[in-house]
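>>> Structural data only, the sequence is not supplied:
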């Protein structure tokens with residue numbers, strides 16, 4: 001694949017992407033998401049430059065080839081180290097290198113990266129220039145609209161314009177400020193108000209840039225509405241807690257002539273991956289923890305979660321646990337169908 005085609009493919013995929021989420025979007029999670037959507041762009045958890053340069057690269061950066069297109073998100077603020085880490089990521093086959101300028105955690109702030117870098121747009125631009133010069137794959141930025149008492153219109157546009165001068169054309173914008181003092185990382189995901197119009201304005205006034213929107217997007221309906229104003233949408237917690245929504249993404253977001261992937265089919269598609277990982281010594285729970293929401297809102301969802309949670313963590317647990325959970329869901333579904341046929345349908349959520 002030529003570099004130009006690779007970049008076009010990645011930008012097409014970023015029409016819908018899955019956010020990098022610490023402790024969640026590991027290789028097992030990404031492999032599950034890939035069986036649901038063949039098109040969405042997947043992201044790693046954030047990996048610091050120090051970890052890339054000095055840590056266990058197979059553990060931190062290893063991935064299954066089926067995950068493509070997949071982007072590596074880096075955390076750091078030293079241009080030379082970021083360039084070196086980006087080259088390693090490209091050599092490993094990642095389709096995009098992304099810089100985290102949005103994480104608000106104390107640990108990230110103490111390392112001088114993440115959202116606190118919004119206060120240093122010149123440094124971010126210097127970092128992106130170094131990454132851009134080091135790799136041929138797209139070098140992108142994920143940021144908030146500002147931090148603390150900054151004026152978002154000034155902070156966002158300043159950061160974007162300086163990075164654009166450094167050669168960056170793709171921005172993923174979480175449409176909230178980050179409050180670095182007084183709010184926890186969890187609170188920073190909900191408390192600061194969303195400002196979608198500001199991100200729409202960024203795209204409108206910088207039409208040559210590829211702008212994706214992130215933050216609070218809970219459904220494909222909402223994603224489609226955002227795509228009337230921006231180039232891409234990044235799903236976060238909705239994709240993790242209710243991953244089955246991704247099963248309709250290729251048809252609804254990408255316009256593919258493809259049948260939707262339901263939860264039962266997703267499990268069957270994921271099964272060979274799970275079997276391979278179990279054979280390599282991976283614990284079942286490392287994979288099933290990402291599947292707990294797969295049947296969310298459907299009959300048997302509660303039994304599905306209980307069986308995977310209780311039995312999936314036991315030593316030596318294997319695919320028989322998955323089969324037992326599927327059997328429970330099937331039984332609940334069949335019971336619900338019988339009750340509806342008899343005119344005594346279940347109350348919403350009763351079987352779940």
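Yep, it's here. Since the structure is predicted, the reported quantities are computational estimates derived from the model, not experimental observations. Numbers count the residues shown, from 1 in each chain.
>>> isn't there a strand covering residue 42?
Yes - secondary structure of residue 42 (DSSP: H, G, I helix; E, B strand; the rest coil): part of a strand.
>>> Distance check, it against residue 296.
From residue 42 over to residue 296 the distance is 20 Å, taken as CB to CB, to the nearest Å. The way it works is simple: take the backbone N, C-alpha and C, and place the C-beta from them, glycine included.
>>> residues touching residue 194, list them.
For residue 194, the contacting residues are 175, 176, 215, 216, by CB atoms under 8 Å, 6 or more residues apart in numbering.
>>> With respect to residue 146, which of those residues is nearest?
Using CB to CB, residue 176 comes nearest to residue 146 of these, at 9.0 Å.
>>> Contact partners for the closest residue to the closest one other than its chain neighbours?
Nearest residue to residue 176, sequence neighbours excluded (CB to CB, 6 or more residues apart in numbering): residue 192, at 4.2 Å. Residues near residue 192 by CB under 8 Å, 6+ apart: 176, 177, 178, 179, 183.
>>> Count the residues that sit near residue 169.
Using other CB atoms under 10 Å, the number of residues around residue 169 comes to 17.
>>> wait, I meant residue 167
The number of residues packed near residue 167 is 13, by other CB under 10 Å.
>>> quick one: pLDDT of the residue nearest to residue 176?
You'll see residue 192 listed with a pLDDT of 86.
>>> Check which helix or strand it maps to.
For residue 192, there is no host helix or strand (DSSP states H and E).
>>> Residue 175 now?
Here residue 175 is assigned to strand 170-178, by DSSP H and E.
>>> Each with direction, which strands does that strand pair with?
Strand 170-178 pairs in its sheet with strand 139-147 (parallel), strand 210-214 (parallel), by DSSP bridges.
>>> next structured bit after it?
helix 185-188.
>>> Could you give the backbone dihedrals for the residue lying closest to residue 330 once chain neighbours are set aside?
Among residues not flanking residue 330 along the chain, residue 300 sits closest, at 7.3 Å (CB to CB, 6+ apart). Backbone torsions of residue 300, given as degrees, to the nearest 10, read phi 90, psi 0.
>>> how far away is residue 300 from residue 238?
Relative to residue 238, and taking CB to CB, residue 300 is found at 21 Å.
>>> Which residue of these two possesses the greater neighbour count?
Remark: of residue 300 and residue 238, residue 300 carries more neighbours, 23 against 20, as counted by other CB under 10 Å.
>>> pretty sure the more buried one is in contact with residue 331, am I right?
Yes - using CB atoms under 8 Å, residue 300 is in contact with residue 331, at 7.0 Å.
>>> List the contacts of the closest residue to residue 115 other than its chain neighbours.
The shortest distance from residue 115 to any non-neighbouring residue, by CB to CB, 6+ apart, is to residue 178 (3.9 Å). By CB under 8 Å, 6+ apart, the residues touching residue 178 are 102, 104, 115, 118, 144, 146, 147, 148, 188, 192.
>>> same check, this time on residue 24
For residue 24, the contacting residues are 45, 240, 290, by CB under 8 Å, 6+ apart.
>>> do that again at 7 Å, thanks
Listed by CB atoms under 7 Å, 6 or more residues apart in numbering, the contact partners of residue 24 are residue 240.
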